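[1] just the structure for this:
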Amino acid sequence: MEYRGFGRDLVLRLDPGEEILSSLKDLAAREDLRLASVRGIGAVNHAVLGLFDPKTKQYQANAFDCDMEIVSLTGTVSRMAGEVYLHLHMAAGQRDGTVVGGHLNEATVSATAELVLTRVDGALDRAFSEEIGLNLLKF
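    You can find the predicted model right below:
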């Protein structure tokens with residue numbers, strides 16, 4: 001991973017074999033990000049994408065082990081119990097033009113990924129909601 005800061009933005013490049021979530025978590029900790037938005041594009045050859053079922057309060061994960069283009073990667077960086085907390089969604093296009101997407105659990109870069117993190121002034125924590133079954137932003 002290589003990155004550079006430009007004002008409130010951090011622009012980073014991930015290289016083949018790097019895992020997106022762990023790289024972002026490391027960067028957010030290193031730069032002491034408390035609240036930020038994330039957006040990106042690139043290519044992956046492995047991704048685990050989930051869908052939250054509000055009835056069962058469980059994630060259903062789907063693994064994809066094929067070459068895919070990141071059509072959209074978006075989300076937030078916040079904190080929970082003092083630790084970096086990422087909430088990301090990704091849509092990825094497959095060879096036949098179909099797109100898969102969902103909550104990003106893991107993804108491995110195949111060629112490159114270009115991501116921009118934009119700092120938001122302030123900080124927000126998260127707290128688990130028994131009612132919903134998710135870690136929600138706490139205002």
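
[2] relative to G7, how far out is the residue positioned nearest the centre of the chain?
    Against the mean C-alpha coordinate of the chain, by CA atoms, centre = their mean, the closest residue is L88 at 3.4 Å. According to CB to CB, to the nearest Å, L88 and G7 sit 23 Å apart. C-beta coordinates here come from the backbone N, C-alpha and C atoms, glycine included.

[3] what of I70?
    The value you get for I70 to G7, if CB to CB is used, is 24 Å.

[4] where is the longest strand in the protein?
    When the chain is parsed with DSSP state E, its longest strand is strand 99-119.

[5] quick one: buried residues of stretch 7-22?
    For stretch 7-22, the neighbour count (16 or more other CB atoms under 10 Å) marks L10, L12, L14, E19, I20 as buried.

[6] select from those residues every entry located in strands.
    Secondary structure defined by DSSP E assigns L10, L12, L14 of these to strands.
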